[in-house]
Structure formats: structure tokens, C-alpha cells
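[1] Return a 3D structure for these sequence lines:
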Amino acid sequence: MLAEKEMDDNLRRLTPMEEWLKAVYERGEEFDVTPYGREHMTNLDYELNATNNIQIRKHYRYSPPQMHDHEFIELVYIYSGVCHQEFLFQGKRTALDLKEGDAVIIPPGTKHALSVFDDSVAVNILINRHTFDRVFLRDLPGGNLLYRFFQEIIFSGESSSYLMFALEQREDIRSVVLQLMMEDRQAGEFSAKIGEHLLSILFLKMIEYAKTTDISSHLPGDIRRAAPMMLYIQQHYRDFSLERMAEEFHYSRANVNRIFRKYTGTTVLQYVKEVRLQQGERLLVETEKPVEEIAQEAGYQDTSYFIEQFKRRYGKTPLQYRREMEEMS
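    Reported below is the predicted structural model:
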């Protein structure tokens, strides 16, 4: 905890660069990037490669926003305060006002600029495509449908998309971000692997705790309507109700199913079933919990029904599946 406290203090404290930027800003002088270089002002001096495929840094406060893009995926996390994020799509600007705890995933090629002109703290995480795909997308509960959704948003090639997660500030998420920064600073023998593990945890927590999501209006309507529904199911699969979901999105049950099926090719209840079974499979492999407890956590009130559905999906009973996975490891 002491290490996290020290990292928290470092994030909140103005660096010498930020002190200089703040003084220029408060004097109302026109800012000249020449002494430091544009790359340093926009935090673009990242070097991602096969052994260093994630970088995490604090965004410079009081730095004039510079519209830019890059070949990497960027995650902007608002560690404290409020920030202003802009995007440039076909010559038109779109803006998001981000509050503490919010996070935005920005795909490669999307022009964007972040403004921080007070003591707020924003953290930039840059991830190469291969790592994002391997660490995050392939680990998603919900299987191929949610994988496809993120693939279409992040790798659409349209240069006009983003995905914003409106999150309440949570200490567990903030702790993961601090741990990521510490591993990045330490650059130890296993720091890269630990960083990937922490990044996976961060992504899954973002999905679990997002109150709402905001998706670029430039994306196709099917994606924009179905995506929040998919994320809603990730958060409510244990006690899912189609009626409550319809109320949440202000549609009838029939319209919810129509929209969902048009994009995914499956019904809402079929997708809920798939998410539940995949969660059950994960718990069988990663924990020693009894089948009865796993059934409950996966959203099944009847253990026998869970076993029946699991066998139909995986070809084995839960205990047979667990034993086979143990023998293979």
C-alpha cells in the first residue's frame, strides 16, 4: 500500500514540466512547443515493441491540446478530477466531458486531443494491437459475439470511433492503474507479463462496473444500439430479466430482441445462456469452488439444470471437465 501511496502522490504532484506549463498558462502567454517538442507535449514519445508492448503515463497538465493520432490503441483513464476529450471526424469536432473514474478506448487512426487545465489527473495507456487482441479480446466473457463487437469498433479502420465507459470512481480500479504504473517504472524481468495480466483485470473491471457506455455516433447504427445491450448483459447475467433490460433501454421486449438479433444473429436469452455457461467454465478451471456454488455464481438457481446445460454445451459434466483440465495443466 505504501508503494501505491507514493505513486498516487507522484501522480498528483506537478512535475517540473507541468510547473513550467502552468506558469505559461497562468500568464496567458502563447505557448511555443519548440523548446520541448510536440511529441513531449502530447505524450506521443512511446516506444512499443515486442518486449515493451504497453506504456502508461500521466498526461501533461496545462499542455495545449494537440490533435493527433497514432498506430496504437489508447486508453485514457481519468484518475481524478474532470477532463475534456475531443475527436476530429471528417473535419468536425466531437467532444466528451470526462469525470473521475471514466475511461475511453481510442482506436488507431482516430484523431484526438485531451485538455487538462487544473489539478485533475488523466492517465494515458498505449497498447499495441496484438497485445490488445491477445490480452483483452480473447479473454472476454460472452465469447465470439463480444469479441466481434470490440473487433468492429477498435479495428474497423474507419478512423472515426471511440468507446467511453462511464464509471464510478472505484478504489479497486484505481489500484490496478497504480500497479500498472509501478510495473512500468520498475521494468523488471517479469514486468511485461505482469502488466498484461493487470491490463486484462482493468478491462474486465471496466466492463463489469460501467454504468453507461458512449459509442461514437459515426459508427453504424446496429453497433451503437446493440453494443450497450451486450455490455448490460455482462453486468446482469446472474439475475438477468428481459423485462428489466427492455425498461432500461426504453424498448419493448420484441424490439430488444429484434435489435439484438439483427446485429448478433442470436436472441438475447441465447446470449445470456452463453455468458452464464462461459462464466461457469471459467470458475471451474480457475477456482476450487464446488459445483453448487459455481452454478449460483453463474446465474443458475438449479444446480441440476446447470449441470445439464453445461454437459450439452461442453460434452462433459462440470466435474469431468474440471478433472480433464487439471490433467492437461
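[2] show me what contacts the spatially closest residue to Arg93 that is not a sequence neighbour?
    The shortest distance from Arg93 to any non-neighbouring residue, by Cβ to Cβ, 6 or more residues apart in numbering, is to Glu86 (5.5 Å). C-beta here means a position set from N, CA and C on the backbone, and glycine is covered the same way. Taking Cβ atoms under 8 Å, 6 or more residues apart in numbering, we find Glu86 in contact with Pro65, Met67, Arg93, Thr94, Ala95, Leu96, His112, Ala113, Leu114, Ser115.
[3] what sits against the second one?
    Which is Met67. Neighbour list for Met67: Glu86, Leu88, Lys111, His112, Ala113 [criterion: Cβ under 8 Å, 6+ apart].
[4] my guess is the fourth one is in a helix, correct?
    No. Per DSSP: H, G, I helix; E, B strand; the rest coil, His112 lies outside any helix segment and is strand.
[5] Any idea what it is bridged to?
    Assessed by DSSP bridges, His112 has beta-bridge partners His68, Phe87.
[6] Check the closest residue to Leu242 other than its chain neighbours and give its pLDDT.
    With sequence-adjacent residues excluded and distances taken as Cβ to Cβ, 6+ apart, Leu242 is closest to Arg253, at 5.5 Å. For Arg253, the model assigns a pLDDT of 93.
[7] So that it lines up with my notes, have the first residue be 16 from now on.
    Noted, 16 is the first residue going forward, which turns the last one into Arg268.
[8] Tell me who's in contact with Arg268.
    By Cβ under 8 Å, 6+ apart, Arg268 lies in contact with Leu257, Glu258, Ala261.
[9] Top of the residues you listed by number of neighbours, please.
    Highest neighbour count within those, by other Cβ atoms under 10 Å: Ala261, with 17 neighbours.
[10] and the helix or strand harbouring that one, how far from the chain's centre?
    With secondary structure defined by DSSP states H and E, Ala261 is part of helix 257-264. Taking Cα atoms, centre = their mean, to the nearest Å, one finds helix 257-264 lying 24 Å from the centre of the chain it belongs to.
[11] Name the helix or strand of this protein that has the lowest mean pLDDT.
    When the helices and strands of the chain are compared on mean pLDDT, DSSP states H and E, helix 53-56 comes out lowest with a mean of 47.
[12] In whichever helix or strand comes after it, which residues are buried?
    Where DSSP H and E defines the elements, the next helix or strand beyond helix 53-56 is strand 69-73. Going by neighbour count (16 or more other Cβ atoms under 10 Å), the buried part of strand 69-73 is Ile69, Gln70, Ile71, Lys73.
[13] Kindly report the same for stretch 250-260.
    Within stretch 250-260, the residues scored as buried using 16+ other Cβ under 10 Å are His251, Tyr252, Phe255, Met260.
[14] again, but for stretch 203-221
    Using 16+ other Cβ under 10 Å as the test for burial, stretch 203-221 gives 206-207, 209-211, 213-221.
[15] Restricted to helices, list those residues.
    Within these, residues falling in helices by DSSP state H are 206-207, 209-211, 213-221.
[16] For stretch 120-132, C-alpha coordinates in PDB please.
    Provided in PDB are the C-alpha atoms of stretch 120-132 (Å, rounded to 0.1, in the frame of the first residue of the first chain):
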ATOM      1  CA  ILE A 120     -10.800   3.400 -25.600                       C
ATOM      2  CA  ILE A 121      -9.400   5.200 -28.700                       C
ATOM      3  CA  PRO A 122      -8.700   3.000 -31.800                       C
ATOM      4  CA  PRO A 123      -5.700   3.500 -34.000                       C
ATOM      5  CA  GLY A 124      -6.000   6.300 -36.500                       C
ATOM      6  CA  THR A 125      -8.700   8.300 -34.600                       C
ATOM      7  CA  LYS A 126      -7.600  11.900 -34.200                       C
ATOM      8  CA  HIS A 127      -8.000  13.100 -30.600                       C
ATOM      9  CA  ALA A 128      -6.800  15.700 -28.100                       C
ATOM     10  CA  LEU A 129      -7.100  15.800 -24.300                       C
ATOM     11  CA  SER A 130      -7.300  19.000 -22.300                       C
ATOM     12  CA  VAL A 131      -6.300  19.200 -18.600                       C
ATOM     13  CA  PHE A 132      -6.000  22.800 -17.200                       C
END
